[in-house]
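Engineer: fold the following for me, if possible:
(one chain, ligands or ions: 1)
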Amino acid sequence: MADKNTKGPKPGNLELERGISELRADIEIIEKNHSLYDEKNFSSRADVIDDLEFHIIERIDGFSQNLCHALELADLKRDAERIKLQLEKINIDLFGRLRAKIQMGGCRRAAFRDMIEEFVGDSLKESANQATIGYDNLDVFMDGLFPIATLPEETRAREPEMVFYQKTPARIIFELVDKANFSKGDVFYDLGSGLGQVGILVNLLSGFTTKGIEFEPAYCNYAKAYARQLNLPDVQFINADAREADYSDGTVFFMYTPFEGRMLDDVLKKLQIASKGREIWLFTYGPCSFQVGKQSWLKCEKPEEITIYGLAMFSNKIIK
Ligand SMILES: C[S@@+](CC[C@H](N)C(=O)[O-])C[C@H]1O[C@@H](n2cnc3c(N)ncnc32)[C@H](O)[C@@H]1O
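Structural biologist: As a prediction, this is how the structure comes out:
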């Protein structure tokens, strides 16, 4: 692929002509790559859509002040946009079909994982083999499968120690389900469940009952409506402050740093009391893992490996 740097001073004529021929070559390479039109090749298609949008079309726009090549640039832009739309249409059709299957009660547990592996298995393998930071093509796939039209507006003021909504990378949820080793009677809780993706995914992957506790009513209502729309009766969302919710049936808990400081200590105290005399597992992601690691009643699976970017796993089974 050609140099993707779209920034910098206004190009001279020679530089502009070279840029245009590089763009034309890039677009031709994409158009001739028939494998992108095979719906199974989701990751390559996602990379190319990203490339078209953020490098090729942006670069064309950057050149467009130059009137001598206006027609040529307009043609190139039309081609790039046409190909991008064709590739996006493949994804839209694919996601519509897969969502309908889920709504009909199909694609649960192993079948759901097989379906994901069929389309983004490469991403799953990659993130399992290396410490990935941020989001990847597995998230792009999940965003397409479970799209959020617009983030609901917050209706309640957050207290200073409450963390704003941000979703957990999907690979972390897959890792959690692999490590949780769910067994009969387990009930999973996401504390600070936002728009509900964690509970929905854990249920689809494991088949176990999941519950989300969310402070913001608009997020909670959104999550409830989504679970209903997907026909997932064992996915529940409760609009409550995590300091006041009832966890007495919970066995596996997750927190993507929903709160900090004193509030986190208060919720952990509540969890300690609620789990007295029975075994629970607590998974954490983000900076809260360090504070959870200081709890004497919880044992971390690998304390030396706690990082902001990885999943940490704790249990009370050794210290009761
Ligand atoms: C970092 S987001 C995580 C969202 C969700 N777990 C996910 O991964 O998609 C933190 C969420 O916790 C919620 N939250 C913050 N303080 C809370 C509290 N005291 N009780 C319940 N939810 C809370 C926020 O509204 C926000 O939606």
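Engineer: residue ranges of the helices in the stretch 1-150 of the chain, please?
Structural biologist: With DSSP state H, counting those that start in this stretch as the criterion, the stretch 1-150 of the chain has helices at 13-32, 42-51, 58-63, 70-103, 110-129, 137-145.
Engineer: the residue in the stretch 51-200 of the chain positioned nearest to the ligand: what's it in contact with?
Structural biologist: The stretch 51-200 of the chain approaches the ligand most closely through residue 192 (2.4 Å), counting by C-beta to the nearest ligand atom. The C-beta positions use only the backbone N, C-alpha and C, and glycine is treated the same way. The neighbours of residue 192, taking C-beta atoms under 8 Å, 6 or more residues apart in numbering as the test, are 163, 213-215, 242, 255-256, 258-259.
Engineer: around the ligand, which positions in this structure sit nearby?
Structural biologist: 162-163, 165-168, 190, 192-194, 197-198, 213-216, 219, 241-243, 256-259 (C-beta under 6 Å from any ligand atom).
Engineer: so where's the stretch 51-200 of the chain uncertain?
Structural biologist: 129-130 (pLDDT under 70).
Engineer: try 80 this time
Structural biologist: Where the stretch 51-200 of the chain drops to pLDDT under 80, the residues are 66-67, 127-132.
Engineer: list only buried entries from the residues of the chain next to the ligand.
Structural biologist: 162-163, 165, 167-168, 190, 192-194, 197-198, 213-216, 219, 241-242, 256-259 (16 or more other C-beta atoms under 10 Å).
Engineer: among those, which ones are in helices?
Structural biologist: 197-198, 219 (DSSP state H).
Engineer: I'd like the contacts of residue 192 as TSV, with distance to residue 85 appended.
Structural biologist: Below are the contacts of residue 192 laid out as TSV (distance: C-beta to C-beta, whole Å):
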residue	distance to residue 85
163	37
213	41
214	36
215	40
242	43
255	40
256	34
258	38
259	42
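Engineer: which one of those residues is nearest residue 294?
Structural biologist: residue 255 (14.5 Å; C-beta to C-beta).
Engineer: now do the closest one, the pLDDT please.
Structural biologist: pLDDT, residue 255: 98.
Engineer: so what's it up against?
Structural biologist: With contact taken as C-beta under 8 Å, 6+ apart, residue 255 is in contact with 190-192, 282-285, 288, 292.
Engineer: gap between it and residue 118?
Structural biologist: Using C-beta to C-beta, to the nearest Å, residue 255 is found at 31 Å from residue 118.
Engineer: point out the most buried one among the helices of the stretch 1-150 of the chain.
Structural biologist: Of all the helices of the stretch 1-150 of the chain, helix 137-145 has the most neighbours on average by mean count of other C-beta atoms under 10 Å, namely a mean of 21.
Engineer: so which residues of the stretch 201-320 of the chain form helices?
Structural biologist: 217-229, 261-274, 288-292.
Engineer: how's the chain carved up into domains?
Structural biologist: The chain breaks down by automatic domain parsing into domains covering 13-103, 106-320.
Engineer: how far does the longest one sit from its chain's centre?
Structural biologist: Spelled out, it's domain 106-320. Mean-position distance between domain 106-320 and its chain equals 12 Å (C-alpha atoms, centre = their mean, to the nearest Å).
Engineer: distance from the centroid: which residue in this protein tops it?
Structural biologist: In the chain, the residue that sits farthest from the middle, by C-alpha atoms, centre = their mean, is residue 68; the gap is 44.0 Å.
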